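Visitor: Got a predicted structure here, sequence first:
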Amino acid sequence: MTGALRALARFLLPNACVVCEGAVERRHPDALVCRPCLARLRRVPRGCHRCQQPLPPVGPCRYCASWPDELASVRSAVWLGAEARELIHHLKYEGYTALGAVLAGVVVRTVPRPDQAFLVPVPLGSRRARERGYNQAEVLAAALAVRWRLPLVTHTLRRVRDTRSQTALTPEQRGANVAAAFAAASPPPQARKPHGPPVILVDDVLTTGATLAAAAAALADAGWLRVGAVTFARALPYALRAGRGWGVRDDRRESSIGVGISD
């Protein structure tokens, strides 16, 4: 009876979307995000073979030029537009850990599944972990591990010192802020082979790549031979933030991803 009453209550009073605060579809009364808001998420197009960033009109990619060689491949699902930003805010700061499954659903529809990889969430510093009570990157990585059927490894990488928030820092300051901030454990025997399974770092947002680069360097120092990364969102390029359009090579135009809520 309790289940029937709950179903009736959800039908009559469906959840409000965490992004737009409108009612979710009645046939998905427990959904946290409505279909229109999911459909407005903008897929990151193909670009640089290493970092996926749209290429400049002339010359090689400048976005990943300063990254260490250890960070071989980074992929993101969507641009950090208004809807993506709101989703991350609720996951990161307001305790909506159930959104991890929503974000993971977006990632698996836009990012190819790694083959036989270890998923390693980017760890928080001890102070921030105590304040928040959970690590949003680990929440996302756990949901991805279920979707991709890959092992989640949470003790391979640790943050050995607390760092400042990266939000208001310049790219140079970001790199200095996270330099030597991580330490890693040695990989299992199969990951020490040249063609062994890679370690895939998982984080919520990619801005300059400074955090991922520092984490990748720590993993490489510990003996991991292949390091990649995946994030739910990445910061919009300046051309998009300034409303100047793309102006880049390999542009497929921004597109919505239309993720079904029932997926």
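Guide: Now that the structure is in, tell me what you want to look at.
Visitor: thinking residue 107 is in contact with residue 144, fair?
Guide: Yes. Using Cβ atoms under 8 Å, residue 107 is in contact with residue 144, at 6.2 Å. From N, CA and C alone the C-beta is placed, and that goes for glycine too.
Visitor: Relative to residue 87, how far out is the closest residue to residue 229 other than its chain neighbours?
Guide: Spatial nearest neighbour of residue 229, excluding adjacent residues (Cβ to Cβ, 6 or more residues apart in numbering): residue 201 at 4.0 Å. According to Cβ to Cβ, to the nearest Å, residue 201 and residue 87 sit 20 Å apart.
Visitor: go on, residue 64?
Guide: 25 Å.
Visitor: So which of those two has more stuff around it?
Guide: Neighbours were tallied for residue 64 and for residue 87 using other Cβ atoms under 10 Å; the higher tally belongs to residue 87 (27 against 19).
Visitor: The more buried one falls within a helix, correct?
Guide: Yes. Counting by DSSP: H, G, I helix; E, B strand; the rest coil, residue 87 is found in a helix.
Visitor: Touching, it and residue 103? I think so.
Guide: Yes. Contact criterion Cβ under 8 Å: residue 87 and residue 103 qualify, at 6.4 Å.
Visitor: give me the beta-bridge partners of residue 184?
Guide: residue 157 (DSSP bridges).
Visitor: cool, residue 203 as well?
Guide: residue 231.
Visitor: so it makes contact with residue 233?
Guide: No. Counting by Cβ under 8 Å, residue 203 stays clear of residue 233, with 9.6 Å between them.
Visitor: The two - which one has more neighbours?
Guide: Taking neighbours as other Cβ under 10 Å, residue 203 and residue 233 compare with residue 233 leading, 27 against 23.
Visitor: ok but the more buried one is inside a strand, no?
Guide: Yes. Residue 233 forms part of a strand when assessed by three-state DSSP.
Visitor: which outside residues touch stretch 184-194?
Guide: Residues outside stretch 184-194 that contact it (Cβ atoms under 8 Å, 6 or more residues apart in numbering): 118, 155-158, 196-199, 215, 218-219, 221-226.
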